[in-house]
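Trainee: sequence below, structure please.
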Amino acid sequence: MSKISITDNEKIKAIESYIHGEMGFVGLLRRKHNDTYSVEIKKQAVEEYLEGKGSYQNICKKYKIHSDAQLRNWIRMYNGYRELRPSRDVNTG
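Mentor: Below you'll find the predicted structure:
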């Protein structure tokens with residue numbers, strides 16, 4: 001079995017995710033690829049957060065965003081009047 005390198009912060013986030021049921025056991029696994037999100041999903045998630053319709057964690061859970069840091073980044077872009085672009089390899093529709 002190979003040894004996996006993981007930071008203490010990553011361990012804490014994975015355990016919290018597991019405990020709170022946000023990702024279940026999957027929250028403890030390292031993913032092999034980045035998820036892709038359409039512009040529409042990004043915009044919906046950002047606007048719901050800014051309208052007070054949920055916390056970072058609630059919005060991430062709803063839209064299956066694996067990191068609240070990703071949502072925070074989209075919010076910074078949105079608030080800075082920068083274009084939210086689709087993730088690479090995102091399927092349209």
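
Trainee: which ones are touching residue 68?
Mentor: 56, 57, 60 (C-beta atoms under 8 Å, 6 or more residues apart in numbering). Placement of C-beta: from N, CA and C, glycine included.

Trainee: how about a cut-off of 10 Å?
Mentor: Counting by C-beta atoms under 10 Å, 6 or more residues apart in numbering, residue 68 touches 13, 49, 55, 56, 57, 58, 59, 60, 61.

Trainee: with residue 63 instead?
Mentor: The neighbours of residue 63, taking C-beta under 10 Å, 6+ apart as the test, are 35, 37, 41, 42, 44, 45, 48, 54, 70, 71.

Trainee: let's see it at 8 Å
Mentor: Applying C-beta under 8 Å, 6+ apart, the residues near residue 63 are 37, 41, 44, 45.

Trainee: ditto for residue 40
Mentor: Shown here is residue 40, which makes no contacts under the criterion C-beta under 8 Å, 6+ apart.

Trainee: after the helix or strand it falls within comes which helix or strand?
Mentor: Taking DSSP states H and E as the definition, residue 40 sits inside helix 39-50. Counting by DSSP H and E, the element after helix 39-50 in chain order, helix or strand, is helix 56-63.

Trainee: just the angle between that next one and helix 39-50, please?
Mentor: Helix 56-63 and helix 39-50 are oriented at 150 degrees to each other (axes from the mean of the first three to the mean of the last three C-alpha atoms, to 10 degrees).

Trainee: ramachandran angles for the spatially most central residue of the chain?
Mentor: Centroid-nearest residue in the chain, with C-alpha atoms, centre = their mean: residue 65, separated by 2.8 Å. In terms of degrees, to the nearest 10, the main-chain angles of residue 65 are phi -90, psi 120.

Trainee: that one and residue 34 touch, don't they?
Mentor: No - counting by C-beta atoms under 8 Å, residue 65 stays clear of residue 34, with 11.3 Å between them.

Trainee: distance of residue 47 from residue 66?
Mentor: To residue 66, residue 47 is 20 Å away according to C-beta to C-beta, to the nearest Å.
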